[in-house]
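S.K.: would you be able to build a 3D model of this:
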Amino acid sequence: MFTPSSKQIAEVFQDLQEKLQQGFETFSKIQNTAIGQTPKNLVYQEDRIKLYRYTPMIAQPNQVPTLIVYALVNRPQMVDLQPDRSLVRGLLEGGQDVYLMDWGYPQSEDASLTLNDHINGYLHNCIEYLCQQHKILALNLLGVCQGGTFSLCYSAQHPSKVRNLVLMVTPVDFHTTENTLRHMCQHVDVDLLVNTCANGNVPGGWLNNLFISLKPFRLGSQKYVHLLDKLADQAAVEHFLRMEQWIFDSPDQPGETFREFVTWFFKENRLVKGTLMLGGKAVHLRRLKMPILNLYALADHIVPPGASTALADHVSSQDYQEQAFAGGHIGIYVSRQAQQQIPTTISNWLNQR
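M.R.: Okay, here's the model as predicted:
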């Protein structure tokens, strides 16, 4: 059994002291760790839902605007974390006219809202507004994670409203073998969970802890240990703080929407089975005939690749493309590799159509 000497122990503590001193100096220099800094304007609001337009970066952007639909979990600023790690900025530089739908922070009065309220209510109204403002019949839809699932449902029920559909790390088949969340959800009494929540909404902090538990060491203590080696790098520390700010800003989930999503998708897998109904109308993926770009991450622990690529077997589009990203669920938005690859891929694909 290895037993460190007194000298070795002293050296470890000396190294730790030096790193902490570097950290103190670095933190004293940091003045701004705001996320979502790309200029934008509020153009439409309904209840807690806000629709923003980002300021175009070229004189004549794509005449067909692109609406980003984020998940209800966490905040949409992940697509605009900081200037050098921003999907939004990359799309703007690629000539897109970009809008973002912000679901806001649900309150007790939102507890009874359903999936249909979100998809055929708020999302549909935002799309109608943009089509009227731009005098077009259909726009480009970019769905992110759960927001991609919402976008699939909307596009299947309103195919004439969506010109091009882009999906990022979007779950389609919720019963793939490697889907850890699916296995966890099978053992959850969703009705009991929702019915015992204080204000009818599922706490965002609880959901955030659930996602961290999927990789408890890496997403827990390990990242703070790794931070010690980066304390002298101000840019790295600022990025870390922005990520922490985003991770722990978790809105509550409207209770009824959460109940329906977990039951209909994770438990019953209705989307690929063709049994999903919204607003009394069926959601059939075969109605998706518009061009589709499906981006997925090879190291995704939340939406495994197979859960996304299953889409190819269920759509009727003659212009369907997939592209894999050699990273994870979050890295596809914020890693340096992603900044060089993802926005350009999406912009070029949209500009060609």
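S.K.: how many neighbours does Lys289 have?
M.R.: Each residue near Lys289 was counted by other Cβ atoms under 10 Å, and the total is 14. Using the backbone N, CA and C atoms, a C-beta is placed for each residue, glycine as well.
S.K.: so who does the closest residue to it other than its chain neighbours touch?
M.R.: Closest residue to Lys289 in three dimensions, ignoring its sequence neighbours and counting by Cβ to Cβ, 6 or more residues apart in numbering: Ser316, at 4.9 Å. Contact analysis of Ser316 by Cβ atoms under 8 Å, 6 or more residues apart in numbering lists Arg286, Arg287, Leu288, Lys289.
S.K.: go again using 7 Å as the cut-off
M.R.: Each residue near Ser316 by Cβ atoms under 7 Å, 6 or more residues apart in numbering is listed here: Arg286, Leu288, Lys289.
S.K.: give me phi/psi at Pro159?
M.R.: Dihedral angles phi and psi of Pro159 (degrees, to the nearest 10) take the values phi -60, psi -30.
S.K.: same deal with Val283?
M.R.: phi -110, psi 100.
S.K.: I'd like the numbering to begin with 154 instead of 1 from here.
M.R.: Sure, I'll start numbering at 154, so the last one becomes Val436.
S.K.: isn't it up against Tyr307?
M.R.: No: under the criterion of Cβ atoms under 7 Å, Val436 makes no contact with Tyr307, lying 9.1 Å away.
S.K.: the two: who's more crowded?
M.R.: Tyr307 (24 against 21).
S.K.: give me every residue that touches the more buried one.
M.R.: Residues touching Tyr307, when contacts are defined by Cβ under 7 Å, 6+ apart, comprise Ile272, Leu276, His277.
S.K.: try Tyr377
M.R.: For Tyr377, counting by Cβ under 7 Å, 6+ apart, there are no contacting residues.
S.K.: so for it, what's the pLDDT?
M.R.: At Tyr377, the predicted lDDT confidence score is 74.
S.K.: can I take it that Gln474 is in a strand?
M.R.: Yes: for Gln474, which was evaluated using DSSP: H, G, I helix; E, B strand; the rest coil, the result is membership in a strand.
S.K.: wait, it sits on Leu446?
M.R.: Yes: because the distance of 5.3 Å satisfies Cβ under 7 Å, Gln474 is recorded as touching Leu446.
S.K.: neighbour count: these two, which is higher?
M.R.: A side-by-side neighbour count of Gln474 and Leu446, using other Cβ under 10 Å, places Leu446 first with 21 against 14.
S.K.: show me the contacts for the more buried one.
M.R.: Val319, Gln474, Ile499, Trp502.
S.K.: tell me which two of these sit farthest apart.
M.R.: Between all members of these, the longest pairwise span (Cβ to Cβ) is found for Gln474 and Ile499 and amounts to 11.0 Å.
S.K.: low-confidence ranges, the stretch 404-506 of the chain, go.
M.R.: With pLDDT under 70 as the threshold, the stretch 404-506 of the chain has no low-confidence stretch at all.
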